[in-house]
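Asker: Pasting the sequence and the predicted coordinates here, then a few questions.
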Amino acid sequence: MVGILTDNLYPSGSVVQVKQAFTQTTAVYTNTNTWTNLGGLQVDITPKLPNSQMLLSGQIGCADHEQNTYLVTFRYVSYRGNNTTVIGQGANTGRVGSTAIRGTASGDANGIVSIVLPQYLDSPGESNQISYFVQYNNYNGGNFYYNRDKGNNEVFPSSLTVMEIAQ
C-alpha cells in the first residue's frame, strides 16, 4: 500500500518522536565560573533510528540577577553512558555558550529576561539512551534567579524539547 509507514521506515526529515521537559521550579544559583545543569531541564530519549538527528530547542522562562553587572551563559550538553558532550559550535570554549544574558552598570533595573536558546541538530549516531540538559555559567557571581524574578513575585516556566528527525 502506498503512504503507509512501518516502524522501521521514515522518510528523510520526518519527526520520529518528540520528548519535552517542562518546569516551573524556581531556584537561586550562586555558583561562579562553573557549568551547572539547570533544574528540571533534562530530556531522556532513546533513538529509534541509529542514523537520526536530534533537534534541540530550549527556552528559559525568565532570569534575573542580583548584580547590575553580570554575565550568565547557557549551553546544551548530552550525557551518553559516561561521556559528556557539549553541543553547538564553540560552546565549549572559555565563556562561550549557546546564548547569554548580560546586565550593565548603566542603570540596569535588574528586570526579568526570557531567553530563547538557538536550535541545534545533534547527530548521536547510536541507539542507546541519551540525556540532554541545559547548563548555565554564572561568571560574575552573585545570585542568579531561575524561572523567577529577584523578589519572587513572578514565575515563568522553562522547557527543553528534543525531536528525533529521520535522515
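Answerer: Sure thing, it's come through.

Asker: CA atoms for contacts and neighbours, from now on please.
Answerer: Will do.

Asker: Pairing partners for the top strand by length along the chain, with directions?
Answerer: Longest strand in the chain by number of residues (criterion: DSSP state E): strand 53-65. Sheet pairing of strand 53-65 (DSSP bridges) gives strand 113-122 (antiparallel), strand 144-146 (antiparallel), strand 158-165 (antiparallel).

Asker: which residues make contact with the last one from outside it?
Answerer: Under the criterion C-alpha atoms under 8 Å, 6 or more residues apart in numbering, residues 12-24, 41-43, 45, 47, 52-62, 133-134, 147 lie in contact with strand 158-165.

Asker: Alpha carbons only: can I get the longest strand of the chain in PDB?
Answerer: Provided in PDB are the C-alpha atoms of strand 53-65 (Å, rounded to 0.1, in the frame of the first residue of the first chain):
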ATOM      1  CA  GLN A  53      19.500  13.600  14.300                       C
ATOM      2  CA  MET A  54      18.100  15.200  17.400                       C
ATOM      3  CA  LEU A  55      16.800  18.800  17.100                       C
ATOM      4  CA  LEU A  56      17.200  20.700  20.400                       C
ATOM      5  CA  SER A  57      15.100  23.700  21.400                       C
ATOM      6  CA  GLY A  58      15.100  25.400  24.700                       C
ATOM      7  CA  GLN A  59      13.600  28.400  26.400                       C
ATOM      8  CA  ILE A  60      14.300  29.800  29.900                       C
ATOM      9  CA  GLY A  61      11.000  31.300  31.200                       C
ATOM     10  CA  CYS A  62      12.700  34.100  33.000                       C
ATOM     11  CA  ALA A  63      16.000  35.000  34.600                       C
ATOM     12  CA  ASP A  64      17.000  37.800  36.900                       C
ATOM     13  CA  HIS A  65      20.300  38.700  38.700                       C
END
